[in-house]
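Novice: Need the 3D shape of this:
(2 chains, ligands or ions: 1)
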Amino acid sequence: MATPEVIREAVRSFDLAVDSVRELNQALHRDLDGGRVVVRNPGGGHAVAVGLDAPFEVEIEGHVGYYCAGMNKLATVRVRGNCGVGVAENMMSGVVVVEGSASQSAGASARGGLLVIHGDASARCGISLKGADIVVRGSIGHMGAFMAQKGALVVCGDAGESLGDSLYEARLYVRGSVAGLGADCVEKEMRREHAEQVRELLARAEVDDVDASEFRRYGSARRLYNFHVDNLGSY
Amino acid sequence: MAAVSNGWHPGLRESATFDRGAIAEIQRAAREGMYDIRGFGAKRPVPHFDDLLFLGASVSRYPLEGYRERCGTDVLIGARHAREPVKLDIPITIAGMSFGALSGPAKEALGRGATEVGTSTTTGDGGMTAEEREHSRELVYQLLPSRYGMNPDDLRRADAIEVVVGQGAKPGGGGMLLGQKISDRVAEMRDLPIGIDQRSACRHPDWTGPDDLEIKIEELREITDWRIPIYVKVGASRTYYDVALAVKAGADAIVLDGMQGGTAATQDVFIEHVGIPILAAIPQAVESLVELGMHREVQLIVSGGIRSGADVAKALALGADAVSIGTAALIALGDNAPEHDAEYRAIGSAAGYYDDYQAGRDPAGISTQEPDLAARLDPVEGGRRLANYLRTMTLEAQTLARACGKSHLHNLEPEDLVALTIEAAAMARVPLAGTTWIPGLVASP
Ligand SMILES: Cc1cc2nc3c(=O)[nH]c(=O)nc-3n(C[C@H](O)[C@H](O)[C@H](O)COP(=O)(O)O)c2cc1C
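Specialist: Predicted coordinates for the structure are as follows:
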């Protein structure tokens, strides 16, 4: 008989061509110890590996649909493919790595943890971000960090139109061009502490071919924090 | 105004178009350059449950004996997909009202009152507080566009999830919480700076439209292992279609809030001019559910101006499975109470008129984050008053149902109702009293 240590070391694998997403998620919810899990043939399925609450290491071999790793806590989820809408939405902690590209609303409302996207991210990346950090190796689409409240968004490529519209206290760092800033978003001075934060996030994201000193910082002008009749045009 | 009422004489003629209210609002807008933001619900008259009457039993129907013959009130919500549907003893639930809009003691009192009579209460835009979880037997957890405080641990601790698409006071509008109510605790729960005027989104950050909603619901079910029901809340507007799409997206229950529905802070122009009365919305929702074969499968919970057991009975007779109350629950806790009149007057209002929930200066300690004011509401006493009120409404509804010969509130039906006005007859789709006329219902060609 295997000892408990041996069981924990064992890699459990699921084949979504055979097993249902429900079976996968329920198995991940029942085992509070964590461990290594490999998911094959995700087939663009939705809600793969959502609501995790333990230090799992989940590897997904292929493309997934909406809300992969949604509301993640503690687990590390790696997607060897592309992601649909809302990857790592409302993540609380842990790490989610997308080796391909991500669709809209990546990291929406995420409150903690780190989301790394090695390809590009589409519109509304980091929308309503609430404390998590996001590193995108490629570029992001329009309305990035819309109403983002807290946390950091690091974009190694370019950012689309209306970056940081109605931003609160989240910090945005972009290395390439910015097609346009949204309401109340302004470029801010990149001080030592900011370069330090970018360096640290790039290191955690294992992006080692990009220099932290090449980024520009954007943040809230805080002009819309209190209603004022003279700002009517911006509401 | 005082001068006019004291020195009034028949030669003074008020304009129906530019009445004193309209004049005061023009003057206010000219002075402040900003729309009016307030709490409470629509104040204009709209066709409502008062415009319906029960027929009661006589020779053609026989009544049930009051107090002796049973008239059931229980309701099961969300058995369509959930392993653990919500079981309520009475069909009157407490609507979602946020911590932030309301004080901690007020949230606790709502939980205590609801629990005492075996019904549910609901979180709101701002997350779940420990007080309300602890004191609520059945707690519905709202997933709102803002996602303030959204936490998977709270999802797992909830008894149901309510995906909020909109509310009756402002279908198509987002939330607001003005700076004076963003205390340290509220700011921390919402991940916002202290003291800012918070504008919360009107659309969800990670889905738009019915196809996405279906996938969102699937995700919530996966996170909670298909254990608890998922409601979808909509403000009453294009109700027939909204209900059909929500059902198709997989909702276990529909929460339908009419234009009279209360709010903590919304532009007055929004409250008064967007959405339709709950009376007009219920028949549309029921029609949609019936056509889909989902009436009584997917429960319909309606709100917007519910005040009494008569309102409850009429809503159920039109086909709802339950109702929910916001404003009335706050009044039961002590909102607008005469004992605070002097203090209401000191801040430019009066008992019976107070609607400045957005301002955070509530002398009753309900719609405030000021610790001194909040401490005025005793949650135990408030909970008891709410329980009394819920029991009274239930007894009233049972009285009417027995008079119609029904052994359960859910046996009430449109056939028990008539309308007092042509408008109500057309909206509620019941005949004008004394006639067989239902305006607008034409036999299909
Ligand atoms: C103070 C207050 C706060 C509210 N907060 C929320 C909220 O956070 N989320 C929500 O969906 N509805 C909210 N509502 C609307 C209620 O859930 C409900 O739809 C409405 O109050 C029902 O109408 P009634 O007040 O006439 O009973 C709030 C209402 C009030 C009065």
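
Novice: how much space is there between B:Y389 and the ligand?
Specialist: The gap separating B:Y389 from the ligand is 12 Å, by C-beta to the nearest ligand atom, to the nearest Å. The way it works is simple: take the backbone N, C-alpha and C, and place the C-beta from them, glycine included.

Novice: For chain B, what's the nearest residue on chain A?
Specialist: A:G51 (3.2 Å; C-beta to the nearest C-beta).

Novice: and that residue, how many neighbours?
Specialist: 25 (other C-beta atoms under 10 Å in any protein chain shown).

Novice: tell me the contacts of it?
Specialist: A:N25, A:H29, A:G70, A:M71, A:N72, B:P152, B:L155, B:R156, B:E222, B:I223, B:T224 (C-beta atoms under 8 Å, 6 or more residues apart in numbering or on different chains).

Novice: what two of those have the greatest distance between them?
Specialist: Using C-beta to C-beta, the contacts of A:G51 span at most 14.9 Å, a distance reached by A:N72 and B:T224.

Novice: Now stretch A:20-30: buried residues?
Specialist: By 16 or more other C-beta atoms under 10 Å in any protein chain shown, the buried positions in stretch A:20-30 come out as A:V21, A:L24, A:N25, A:L28, A:H29.

Novice: Using CSV, write out every CA atom in it.
Specialist: Extracted in CSV, the C-alpha atoms of stretch A:20-30 (Å, rounded to 0.1, in the frame of the first residue of the first chain):
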residue,chain,number,x,y,z
SER,A,20,-16.7,15.9,-17.3
VAL,A,21,-15.6,19.4,-16.1
ARG,A,22,-17.9,18.8,-13.2
GLU,A,23,-16.0,15.6,-12.2
LEU,A,24,-12.7,17.5,-12.5
ASN,A,25,-13.9,20.5,-10.4
GLN,A,26,-15.5,18.3,-7.7
ALA,A,27,-12.4,16.3,-7.4
LEU,A,28,-10.3,19.4,-7.0
HIS,A,29,-12.8,20.8,-4.4
ARG,A,30,-12.8,17.6,-2.3
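
Novice: Flag every residue of chain B that's near the ligand.
Specialist: B:39, B:41, B:95-98, B:101-102, B:124-125, B:142, B:164, B:167-168, B:233, B:257, B:260-264, B:303-306, B:325-328, B:357, B:367 (C-beta under 6 Å from any ligand atom).

Novice: Columns pLDDT on top of the buried residues of stretch A:20-30, output as CSV?
Specialist: CSV is the format used below for the buried residues of stretch A:20-30 (pLDDT from 0 to 100):
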residue, pLDDT
A:V21, 98
A:L24, 96
A:N25, 97
A:L28, 96
A:H29, 96
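
Novice: Redo the residues you listed as TSV? Include secondary structure and distance to A:R191.
Specialist: Formatted as TSV, the buried residues of stretch A:20-30 follow (DSSP: H, G, I helix; E, B strand; the rest coil; distance: C-beta to C-beta, whole Å):
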residue	secondary structure	distance to A:R191
A:V21	helix	45
A:L24	helix	45
A:N25	helix	43
A:L28	helix	42
A:H29	helix	43
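
Novice: Among the residues you listed, which ones lie close to chain B?
Specialist: Intersecting those with the surroundings of chain B, defined as C-beta under 8 Å from any C-beta of the partner chain, gives A:V21, A:N25, A:H29.

Novice: Excluding sequence neighbours, find me the nearest residue to the residue in chain B that chain A sits nearest to.
Specialist: Going by C-beta to the nearest C-beta, chain A is nearest to B:I223 of chain B, at 3.2 Å. Computed as C-beta to C-beta, 6 or more residues apart in numbering or on different chains, the closest residue to B:I223 that is not its neighbour in sequence is A:G51, at 3.2 Å.

Novice: go on, B:I282?
Specialist: B:L318 is the one closest to B:I282 (C-beta to C-beta, 6+ apart), at 4.4 Å.

Novice: Look at that neighbour and say how many residues are nearby.
Specialist: B:L318 has 26 nearby residues by other C-beta under 10 Å.

Novice: How about the contacts made by it?
Specialist: Listed by C-beta under 8 Å, 6+ apart, the contact set of B:L318 reads B:I282, B:P283, B:V286, B:P414, B:L417, B:A428, B:V430.

Novice: Which pLDDT value belongs to it?
Specialist: At B:L318, the model reports a pLDDT of 98.

Novice: quick revisit: go through the contacts of A:G51 and name the one nearest B:R68.
Specialist: Nearest member of the contacts of A:G51 to B:R68, counting by C-beta to C-beta, is B:T224, at 42.8 Å.

Novice: Okay, that closest one and B:G168: tell me how far apart.
Specialist: Going from B:T224 to B:G168 by C-beta to C-beta, to the nearest Å gives 27 Å.

Novice: that older thread, so which of the contacts of A:G51 wins on neighbours?
Specialist: A:N72 leads these on contacts (other C-beta under 10 Å) with 32 neighbours.

Novice: thought that residue was touching A:G113?
Specialist: Yes: in this structure, A:N72 is within contact of A:G113 by C-beta atoms under 8 Å, at 6.5 Å.

Novice: hey, what's in contact with both of these two?
Specialist: A:A88, A:M91, A:M92, A:S93, A:G94, A:V96.

Novice: The last one: how many residues sit nearby?
Specialist: Taking other C-beta under 10 Å as the neighbour definition, A:V96 ends up with a count of 30.

Novice: pLDDT wise, what is it at?
Specialist: Reading off the model, A:V96 has pLDDT 98.

Novice: just the strands in chain A please.
Specialist: A:12-15, A:35-40, A:56-61, A:76-79, A:95-98, A:114-117, A:130-136, A:150-155, A:171-174, A:185-188, A:216-220 (DSSP state E).

Novice: Starting from the fifth one, tell me which strands it pairs with and how they run.
Specialist: As defined by DSSP bridges, the strand partners of strand A:95-98 come to strand A:76-79 (parallel), strand A:114-117 (parallel).

Novice: For that strand, what is the distance to the chain centroid?
Specialist: The chain centre lies 7 Å from the centre of strand A:95-98; the measure is C-alpha atoms, centre = their mean, to the nearest Å.

Novice: Please point out which parts of that strand sit buried.
Specialist: By 16+ other C-beta under 10 Å, the buried positions in strand A:95-98 come out as A:V95, A:V96, A:V97, A:V98.

Novice: which residues are contacting it?
Specialist: A:68-69, A:72, A:76-79, A:82-83, A:87-88, A:106, A:113-119, A:205.

Novice: Just the C-alpha atoms of that strand, please, in CSV.
Specialist: This file holds the C-alpha atoms of strand A:95-98, laid out as CSV (Å, rounded to 0.1, in the frame of the first residue of the first chain):
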residue,chain,number,x,y,z
VAL,A,95,-0.8,32.0,-9.7
VAL,A,96,-2.4,31.6,-13.1
VAL,A,97,-0.2,31.3,-16.2
VAL,A,98,-1.5,31.4,-19.7
